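Engineer: need coordinates for the following:
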Amino acid sequence: MNMVKYLRTVMKDKERKPIYQILKEAIHCVLIEKELPYYYFTSLLYKKGAADYRNYIGHKKVCNIIIHYFYPNGRNDNLENKLTFSEILLSNDVHTPKIIAHSTGKTIRFNEEEIVLTNDSQLKELLIKLVNASQSRSIFVKPVDGEAGKHTFKFDRGPISLFKLTELYRLLDKESFIFQETVIQHHKINEIYPNSLNTLRIHTFLDKKTNNVEIVSALMRFGSRGNVMDNASAGGIFIPLRTDNWSLIKKANAFLSSGGKSYTKHPSTNYIFDGTTLPHPEQITHILTQAARLFENEFIGWDLALTETGPIIIEANDNPHLIMAQMACGGFKNHSRYKEIFAKYI
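Structural biologist: Here you go, the predicted structure:
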């Protein structure tokens, strides 16, 4: 979305501040951050009741953090490669979804056997086998090194969508995929929104000197309006989390590119967010402490789901979405730990 489309969305927003105030604050952002004030709009700081815009960093500083703090030596394949990541967690008894099969080109490895696909009919037969082999009778198919929910497919028992089938078959030549058991989430999370796996994004910091793991901030993502993905970049919404009692705080937001709306209750189920406490609070802290010590990165963004029996780690990110993290915590400059962790860059 370009600036013109952003501004159109802002102008139509019934929750926006008066125009003169938006202009004044946007100009001040230019002076503070020495860049065009895109972040003022993408962080929804133009809305009434928004956090203090002066506590936010701009996109240039976000990029500096990514380049110089997250990636000084390149990306960490142990985190980014979902096959490798899963093997590390499972070998250390950390709960993560079972990978039933994985692909390299049109060769699928399943049950110690390599199956070479020559047409999409064979893929359809294989998908039916994989669904039946899953305890949840449902599978998620996603790129080994993908992100933001791109090129992700869900297959359940019953008719297989011809569009999804042909699209996946086409993509097999371009990307490697994992075929993973679908996680069945806790009934309490289903009450909020049942159509997607709604995940927590939790940011941890590992002190290399003491080996202490600290939870810095957290938020929770939800799918919306029938969507099976909870990614905010795919139309989902997200809401800040208190980490002392693992409860939802006030209201959720959609990205500006998805309309920038705010919600005190879920738009599909009318479930009221504020104050809702999550199940398994003590186990959340335990599993993250255990997992964070397995990787060399100081700062990691974890995607974690909640099941009836406890939390399960879905993925980890060595470059978690800092715009979303900053929105959820009210600005890095106003957060005691982010001010210390990112001190060189903000």
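
Engineer: chain center to the strand ranked longest in the chain: distance?
Structural biologist: If you go by DSSP state E, the chain has its longest strand at strand 212-222. How far strand 212-222 lies from its chain's middle: 12 Å, per CA atoms, centre = their mean, to the nearest Å.

Engineer: which positions in the helix or strand just after it come out as buried?
Structural biologist: As assigned by DSSP states H and E, the chain's next helix or strand after strand 212-222 is strand 237-242. By neighbour count on 16 or more other CB atoms under 10 Å, the buried set for strand 237-242 is 237-241. Placement of C-beta: from N, CA and C, glycine included.

Engineer: which non-adjacent residue is nearest residue 7?
Structural biologist: residue 41 (7.6 Å; CB to CB, 6 or more residues apart in numbering).

Engineer: still on that earlier bit, dump the buried residues of strand 237-242 into TSV; add distance to residue 35 and pLDDT as well.
Structural biologist: Converted to TSV, the buried residues of strand 237-242 look like this (distance: CB to CB, whole Å; pLDDT from 0 to 100):
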residue	distance to residue 35	pLDDT
237	27	96
238	24	97
239	28	97
240	25	97
241	30	97
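
Engineer: and the helices in the stretch 51-200 of the chain?
Structural biologist: In the stretch 51-200 of the chain, the helices defined using DSSP state H, counting those that start in this stretch lie at 59-64, 77-80, 82-91, 120-133, 162-171, 187-192.

Engineer: ok, of those, where does mean pLDDT dip lowest?
Structural biologist: Note on those: lowest mean pLDDT is at helix 77-80, with a mean of 91.

Engineer: state the distance from residue 219 to residue 202.
Structural biologist: Per CB to CB, to the nearest Å, residue 219 is found 8 Å from residue 202.

Engineer: overlap in contacts, the two.
Structural biologist: Shared contacts of residue 219 and residue 202 (CB atoms under 8 Å, 6 or more residues apart in numbering): residue 241.

Engineer: so which of these two has more stuff around it?
Structural biologist: residue 202 (28 against 25; other CB atoms under 10 Å).

Engineer: isn't the more buried one right next to residue 288, touching?
Structural biologist: Yes - using CB atoms under 8 Å, residue 202 makes contact with residue 288 at a distance of 6.0 Å.

Engineer: returning to what we had before: and the helices of the stretch 51-200 of the chain as a markdown table, adding distance to residue 269 and mean neighbour count?
Structural biologist: A markdown table is the format used below for those (distance: least, CB to CB, whole Å; neighbours: other CB atoms under 10 Å):
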| stretch | distance to residue 269 | mean neighbour count |
| --- | --- | --- |
| helix 59-64 | 33 | 16 |
| helix 77-80 | 33 | 17 |
| helix 82-91 | 30 | 17 |
| helix 120-133 | 27 | 17 |
| helix 162-171 | 25 | 14 |
| helix 187-192 | 6 | 16 |
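
Engineer: dump those helices to a markdown table, plus distance to residue 305.
Structural biologist: A markdown table is the format used below for the helices of the stretch 51-200 of the chain (distance: least, CB to CB, whole Å):
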| stretch | distance to residue 305 |
| --- | --- |
| helix 59-64 | 27 |
| helix 77-80 | 18 |
| helix 82-91 | 14 |
| helix 120-133 | 19 |
| helix 162-171 | 22 |
| helix 187-192 | 8 |
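
Engineer: I'd like to know which of those helices is closest to residue 30.
Structural biologist: helix 59-64 (11.8 Å; CB to CB).

Engineer: residues contacting the closest one, please?
Structural biologist: Contacts for helix 59-64 (CB under 8 Å, 6+ apart): 33-35, 38-39, 322-323, 326, 345-346.

Engineer: just curious, which of those is nearest to residue 167?
Structural biologist: residue 323 (28.7 Å).

Engineer: what is the burial count for the closest one?
Structural biologist: 17.

Engineer: that one - that's part of a helix, no?
Structural biologist: Yes - counting by DSSP: H, G, I helix; E, B strand; the rest coil, residue 323 is located in a helix.

Engineer: let me know the pLDDT of the closest residue to residue 133 other than its chain neighbours.
Structural biologist: In space, residue 133 comes closest to residue 100 once its chain neighbours are excluded; the distance is 5.6 Å by CB to CB, 6+ apart. With respect to pLDDT, residue 100 has a value of 96.

Engineer: I figured residue 100 hits residue 135, correct?
Structural biologist: No - using CB under 8 Å, residue 100 and residue 135 do not qualify as a contacting pair, with a distance of 9.9 Å.

Engineer: extract the CA atoms of the longest strand of the chain and return them as PDB.
Structural biologist: This file holds the C-alpha atoms of strand 212-222, laid out as PDB (Å, rounded to 0.1, in the frame of the first residue of the first chain):
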ATOM      1  CA  ASN A 212      18.900 -16.100  31.900                       C
ATOM      2  CA  VAL A 213      15.900 -15.900  29.600                       C
ATOM      3  CA  GLU A 214      13.600 -12.900  29.900                       C
ATOM      4  CA  ILE A 215      10.200 -12.400  28.300                       C
ATOM      5  CA  VAL A 216      10.400  -8.800  27.000                       C
ATOM      6  CA  SER A 217       6.900  -8.400  25.400                       C
ATOM      7  CA  ALA A 218       4.000 -10.300  23.900                       C
ATOM      8  CA  LEU A 219       1.000 -10.000  21.700                       C
ATOM      9  CA  MET A 220      -1.600 -12.400  20.400                       C
ATOM     10  CA  ARG A 221      -2.800 -12.800  16.800                       C
ATOM     11  CA  PHE A 222      -6.300 -13.900  15.600                       C
END
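
Engineer: thank you kindly, that will do.
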